[in-house]
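Undergrad: have a look; sequence and predicted model below, questions after that.
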Amino acid sequence: MKKFLAILLAALMMMSMISFAGAEGVKTYKVGVAIYQFTDNFMTLYRNEIEAYFKTLETDSVKYQLTFVDGKNDMAEQTNQIRNFITQNMDVIILNLVQTSSADAIIDEIVAADIPLVLINREPLAYDADGNTLDEAYEGILNNPKVCYVGADARQSGTFQGEMVAELENHGDINGDGKISYIMIEGDPENIDAQYRTQYSVKALTDAGYEVNCLDDQVGNWDQTKGQELCANALTSYGYDVEVVFCNNDAMALGAVTAITTAGRVVGEDIYLLGVDALEEAVEYVKTGEMTGTVLNDHIGQSHKAVDVAVKLLNGEEIDNYYWVDDVQVNKAYVDSL
Ligand code: BGC
């Protein structure tokens with residue numbers, strides 16, 4: 001009996017040790033994710049995918065505790081949120097800056113706290129002594145081995161927009177006057193995505209040898225309602241002179257669809273409309289012909305890359321400074337081939 005009790009006791013002790021080791025063996029990483037604005041259509045898809053993808057990487061012994069914060073498009077608010085992340089000892093931060101001009105100050109604080117940082121979506125650029133941005137890699141990323149940027153090259157999405165117009169039978173010159181008359185609806189002008197898309201969509205046309213004529217260039221701040229309003233105004237002012245509507249993103253292009261329909265205009269017949277992001281609704285419009293094209297801004301590829309790099313940082317692995325995710329042209333031929 002004594003012997004039996006001793007064996008039972010030993011077995012119980014072993015079992016408790018095993019379960020204790022199990023609980024001990026679970027590592028939970030704290031991940032802070034700061035998004036510039038929750039109401040942004042594209043960043044909502046991106047944010048949800050970050051969450052979903054982190055979940056798929058969890059194991060019995062590794063968990064990720066995610067904290068998402070909404071910068072509400074206010075840099076002061078986001079700065080406070082980052083300071084809270086630092087106080088909370090986050091193991092890694094994923095940051096979609098409200099203002100890339102504040103990158104220096106924010107990165108310094110995060111680096112000083114020795115927290116690895118993955119910047120996403122809004123690329124901070126190098127700048128000269130007068131504060132003008134330069135087309136060069138950014139020192140705050142290059143000089144910090146635990147800081148990187150994950151994103152798409154906005155020159156590519158802009159170029160793709162222009163190329164989709166150049167590839168049309170009339171190359172966007174509907175009235176045959178020898179030039180492509182367009183309006184541009186821009187995202188937040190401080191954002192390099194907006195600057196590059198504006199510049200490179202037109203450059204693709206001029207590089208291909210076409211003459212262009214800018215009728216109107218306005219800031220719609222990535223916003224659907226603003227996009228609709230600006231497009232409606234331009235159609236009232238310039239009527240059938242408007243041959244191409246370039247929108248820096250799909251949210252604004254969705255607004256433009258409404259403005260175009262309301263004005264009695266028909267995409268593919270008397271006007272062309274281009275966006276960027278390939279939001280589900282936009283792809284549907286490309287399919288039905290209500291939009292000429294969009295560009296896949298791959299939120300799945302980008303969010304997965306950002307998470308993979310964050311995990312590398314958590315594991316103490318070395319990382320690159322920059323990770324680029326390719327865009328894809330989404331025109332009618334492409335959609336039909338899916
Ligand atoms: C997207 C926009 C989005 C912006 C936010 C861009 O890359 O195309 O839809 O509003 O990022 O920074």
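TA: Received the coordinates, thanks.
Undergrad: hey, let's count contacts and neighbours off CA atoms from now on
TA: OK.
Undergrad: pLDDT below threshold where in the protein?
TA: For the chain, the stretches with pLDDT under 70 are 1-23.
Undergrad: kindly report the residues of it close to the ligand.
TA: For the chain, the contact set with the ligand under CA under 6 Å from any ligand atom comprises D40, F42, N121, R122, D193, W222, N249, V276, D277.
Undergrad: can you pick the most crowded of those residues?
TA: N249 (33 neighbours; other CA atoms under 10 Å).
Undergrad: residues in contact with the closest residue to it other than its chain neighbours?
TA: In space, and not counting its chain neighbours, N249 is closest to V276: 4.3 Å by CA to CA, 6 or more residues apart in numbering. Listed by CA atoms under 8 Å, 6 or more residues apart in numbering, the contact partners of V276 are S157, Q161, C247, N248, N249, D250, T294, V295, L296, N297.
Undergrad: which of these fall in strands?
TA: With strands taken from DSSP state E, the overlap with these comprises C247, T294, V295, L296.
Undergrad: the last one and G227, how far apart?
TA: Right, L296. Between L296 and G227 the computed distance is 19 Å (CA to CA, to the nearest Å).
Undergrad: those two: which has the busier surroundings?
TA: Each of L296 and G227 has its neighbours counted (other CA under 10 Å); G227 has more, 31 against 19.
Undergrad: so the more buried one, which of the three states?
TA: helix (DSSP: H, G, I helix; E, B strand; the rest coil).
Undergrad: what's the spacing between it and the ligand?
TA: 12 Å (CA to the nearest ligand atom, to the nearest Å).
Undergrad: name the nearest residue to that residue, sequence neighbours excluded.
TA: M252 (4.2 Å).
Undergrad: what's the burial count for the residue lying closest to P189 once chain neighbours are set aside?
TA: In space, P189 comes closest to Q195 once its chain neighbours are excluded; the distance is 6.3 Å by CA to CA, 6+ apart. Neighbour count for Q195, taken as other CA under 10 Å: 18.
Undergrad: so which strand or helix has Q195?
TA: helix 192-207 (DSSP states H and E).
Undergrad: C-terminal to that helix, what's the next element?
TA: strand 211-219.
Undergrad: partner strands of that following strand, with direction?
TA: Each strand that pairs with strand 211-219, with its direction, by DSSP bridges: strand 179-186 (parallel).
Undergrad: check what contacts the strand it pairs with and list those residues.
TA: 171-174, 194-195, 198, 210-222, 227, 230-231, 234, 241-248, 252.
Undergrad: 6 Å - rerun?
TA: 172-173, 194, 211-220, 242-248 (CA atoms under 6 Å, 6 or more residues apart in numbering).
Undergrad: next, the angle from it to helix 192-207.
TA: Strand 179-186 runs at 180 degrees relative to helix 192-207, counting by axes from the mean of the first three to the mean of the last three CA atoms, to 10 degrees.
Undergrad: now strand 179-186: how far from the chain's centre is it?
TA: 23 Å (CA atoms, centre = their mean, to the nearest Å).
Undergrad: how about stretch 275-282?
TA: The answer for stretch 275-282 is 12 Å, by CA atoms, centre = their mean.
Undergrad: now do the buried residues in that stretch.
TA: G275, V276, D277, A278, L279, A282 (16 or more other CA atoms under 10 Å).
Undergrad: before we move on, what about stretch 251-263?
TA: A251, M252, A253, L254, G255, A256, V257, T258, A259, I260.
Undergrad: now swap in stretch 106-120 and tell me
TA: In stretch 106-120, counting by 16+ other CA under 10 Å, buried: I106, I107, I110, V111, I115, P116, L117, V118, L119, I120.
Undergrad: in helices, which of the residues you listed appear?
TA: Under the assignment DSSP state H, the buried residues of stretch 106-120 contribute I106, I107, I110, V111 to helices.
Undergrad: let me have those residues in a markdown table, extended by distance to Y46.
TA: Below are these laid out as a markdown table (distance: CA to CA, whole Å):
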| residue | distance to Y46 |
| --- | --- |
| I106 | 22 |
| I107 | 22 |
| I110 | 23 |
| V111 | 25 |
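Undergrad: closest to E139 among the residues you listed?
TA: E139 has its nearest neighbour among these in I107, at 10.7 Å by CA to CA.
Undergrad: residues contacting that closest one?
TA: Counting by CA under 6 Å, 6+ apart, I107 has no contacts.
Undergrad: the strands in the stretch 201-338 of the chain, which residues?
TA: 211-219, 244-247, 272-274, 293-296, 322-324, 328-331 (DSSP state E, counting those that start in this stretch).
Undergrad: ok, now the stretch 51-200 of the chain?
TA: 62-70, 92-95, 117-120, 147-151, 179-186.
Undergrad: what's the third one packed up against?
TA: The elements that strand 117-120 packs onto, with contact taken as 3 or more CA pairs under 6 Å, 6 or more residues apart in numbering; DSSP states H and E, are strand 92-95, strand 147-151.
Undergrad: which neighbouring elements make contact with the last one?
TA: The helices and strands touching strand 147-151, judged by 3+ CA pairs under 6 Å, 6+ apart, are strand 117-120, strand 322-324.
Undergrad: make CSV out of these and add distance to V267.
TA: As requested, the helices and strands packed on strand 147-151 are exported to CSV (distance: least, CA to CA, whole Å):
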stretch, distance to V267
strand 117-120, 34
strand 322-324, 32
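Undergrad: of those, which is nearest V31?
TA: Taking CA to CA, strand 117-120 is the member of the helices and strands packed on strand 147-151 nearest to V31, at 10.2 Å.
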